[in-house]
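[1] here are the coordinates; sequence isn't available:
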């Protein structure tokens, strides 16, 4: 029989408070005021000040208020998951802001698109300011100048990668001069990728292969972070040999290794190449986790499950045991029998036997846990941005495209073995490419919108998504987001994306 005393009190109270605010989405679209220019003679008078200026860019990624979902601290996981066949809204149209993403019915006046536009350009402005400051600073050590330049160029490339994949053609802003930037037109996608490549190559050449600058904390990027991102960028441009070479560099460094599944997403795990550190304590420190995972796993409290499957309890307290975004049927069915990723990186909640639930479990991501089973909040959560598992899959896909089937299968099997699965049966090039896509779907779910981006870059998005009844009427123009109206008003050269 269920014992209320076994429910962690802190989680119970917090859940009630959180549930009361679920209907409010206004914080998701609040945008911080523009950064004011700070004189280089102040910001860059010594190494410490230069480091603080760079830290501002990382802080923007984590989000200053710790609760606002932005492009970098979970926004792409949320939007990309909904736009693909990976995630869907648990409470459907009750979330008016995200429902158009769930159904792929965004319109020109979509308010959420600013989430993916404003913060990347704030970061680009910040790193451009850092780079201009370094150019005129005389009291910075050579080692600090080199490292900060490398990290700044990486962050700029990372921001543009997000922008070009969400919006297609976007303005290339390389300076802080408002007069030059205010009427900048959209650059062709190849030109944006060329700048991304140039920045990442320079970052890789400038950065060290360690994390000593941050006390061995992986919250700032190093040489292998730049190499990993460059491998991804090459993959997206179908530069297979270059992608494989960059993946080789990271894997053969032996500085990273696949961890046990339950250790993968811990701060500074051996698999992590770059992580964004949470900016506050409690629920607000990792917005991505709070959106895709519930406050606690009901499966940790078996004696509670019977009570929660009664219709009355379910309707009144389901927000405590369900996240705002759950797995789609397609995502659940993607896992093979025995795949431990569905056990360790996901969980499920039982539902009432009555209609419309029919005792069908609700599955969701559980890569990050905000609290332990005793109800104590975990501190120092970090969102995974780049990790070794992705690098193996990049190399597998690139080698399959190059006809190196043995090598491709070997990398796929490394990922499958960690998941508790047997070796792949794929042998031909096409079969191996399908196998890689399958592993990416079950390995990289709820991590930065990989599924959505994979469907788009491989040309499979329309074929897959047009079959989903809840995304009808389907239109391929929604594979790009609408340019925010406020941006087009401010800059008449920003024409809307086709279809909007």
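    Great, that's in hand. Just so it is clear, the model here is predicted, and its values are computed rather than measured.
[2] could you use CA atoms for every contact and neighbour count after this?
    Fine.
[3] what about residue 174, neighbour count?
    Number of residues near residue 174 (other Cα atoms under 10 Å) recorded here: 17.
[4] low-confidence ranges in this structure?
    Scanning the chain for pLDDT under 70 picks out 1-42, 63-67, 278-285, 287, 371-380.
[5] for it, what's the longest helix?
    Longest helix of the chain, by residue count under DSSP state H: helix 142-167.
[6] which elements pack onto that one?
    Here helix 142-167 touches helix 47-62, helix 114-136, helix 189-206, helix 223-236, going by 3 or more Cα pairs under 8 Å, 6 or more residues apart in numbering; DSSP states H and E.
[7] contact partners of the shortest one?
    Identification of contacts with helix 223-236 by Cα atoms under 8 Å, 6 or more residues apart in numbering yields 154, 158, 161, 193, 197, 200-201, 203-210, 240, 242-247, 249-250, 273-274, 386, 391, 394, 398, 457.
[8] do stretch 352-361 as well
    With contacts defined as Cα under 8 Å, 6+ apart, stretch 352-361 is touched by 308-311, 314, 348-351.
[9] what angle separates the longest helix of the chain from helix 223-236?
    30 degrees (axes from the mean of the first three to the mean of the last three Cα atoms, to 10 degrees).
[10] quick one: helix 142-167 to chain centroid distance?
    Its chain's C-alpha centre and that of helix 142-167 lie 16 Å apart, by Cα atoms, centre = their mean, to the nearest Å.
[11] in that helix, what counts as buried?
    Applying a neighbour-count criterion of 16 or more other Cα atoms under 10 Å, the buried positions in helix 142-167 are 144-167.
[12] residue 273 in helix, strand or coil?
    When classified by DSSP: H, G, I helix; E, B strand; the rest coil, residue 273 comes out as strand.
[13] burial count for it?
    Residue 273, neighbours per other Cα under 10 Å, totals 27.
[14] how close does it get to residue 250?
    9 Å (Cα to Cα, to the nearest Å).
[15] same question, residue 109
    Residue 109 sits 42 Å away from residue 250, going by Cα to Cα.
[16] settle it for me: which of those two has more neighbours?
    Each of residue 109 and residue 250 has its neighbours counted (other Cα under 10 Å); residue 250 has more, 22 against 13.
[17] what residues are up against the more buried one?
    With contacts defined as Cα under 8 Å, 6+ apart, the neighbours of residue 250 are 224, 227-228, 391.
[18] would you mind finding the most buried of the helices and strands packed on helix 142-167?
    The highest average neighbour count among the helices and strands packed on helix 142-167, using mean count of other Cα atoms under 10 Å, belongs to helix 223-236 at a mean of 25.
[19] the helix or strand following it to helix 223-236, inter-axis angle?
    Remark: after helix 223-236, the chain's next helix or strand is helix 240-252, criterion DSSP states H and E. Between helix 240-252 and helix 223-236, the angle comes out at 150 degrees (the same axes, to 10 degrees).
[20] list the buried residues for helix 240-252?
    Neighbour-count burial for helix 240-252, counted by 16+ other Cα under 10 Å, picks out 240-248, 250-251.
[21] in TSV, list these along with distance to residue 293.
    Formatted as TSV, the buried residues of helix 240-252 follow (distance: Cα to Cα, whole Å):
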residue	distance to residue 293
240	35
241	38
242	36
243	33
244	34
245	36
246	33
247	31
248	34
250	31
251	31
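[22] first vs last residue of stretch 177-192, how far apart are they?
    Start-to-end span of stretch 177-192 (Cα to Cα) is 19 Å.
[23] residues contacting that stretch, please?
    The set of residues external to stretch 177-192 that reach it, using Cα under 8 Å, 6+ apart, is 160, 164, 168-173, 175, 490-494.
[24] how about stretch 486-500?
    Stretch 486-500 is contacted by residues 107-108, 167, 182-186, 477-478, 480-483 when judged by Cα under 8 Å, 6+ apart.
[25] switch the cut-off to 7 Å
    For stretch 486-500, contacts defined as Cα atoms under 7 Å, 6 or more residues apart in numbering pick out 107-108, 182-186, 477, 482-483.
[26] counting neighbours, which of the residues you listed end up buried?
    Using 16+ other Cα under 10 Å as the burial test, the contacts of stretch 486-500 include 184-186, 482-483 as buried.
[27] farthest pair within those residues?
    Using Cα to Cα, those span at most 17.7 Å, a distance reached by 184 and 482.
[28] before we move on, back to that, what's the closest of the helices and strands packed on helix 142-167 to residue 77?
    helix 114-136 (11.3 Å).
[29] might one say that residue 400 is in contact with residue 409?
    No. Here residue 400 does not reach residue 409: they are 8.2 Å apart, not a contact under Cα atoms under 7 Å.
[30] list residues touching both of those two?
    residue 432.
[31] mind checking the SS state of residue 276?
    The assignment at residue 276 comes out as strand when based on three-state DSSP.
[32] please tell me how far it sits from residue 494.
    Distance, residue 276 to residue 494, by Cα to Cα: 31 Å.
[33] any chance of a markdown table for the buried ones among the contacts of stretch 486-500, columns distance to residue 89 and secondary structure?
    Output for the buried ones among the contacts of stretch 486-500, formatted as a markdown table (distance: Cα to Cα, whole Å; DSSP: H, G, I helix; E, B strand; the rest coil):
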| residue | distance to residue 89 | secondary structure |
| --- | --- | --- |
| 184 | 37 | coil |
| 185 | 35 | coil |
| 186 | 33 | coil |
| 482 | 21 | coil |
| 483 | 23 | coil |
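[34] am I right that residue 343 sits in a helix?
    Yes. Residue 343: assigned to a helix according to three-state DSSP.
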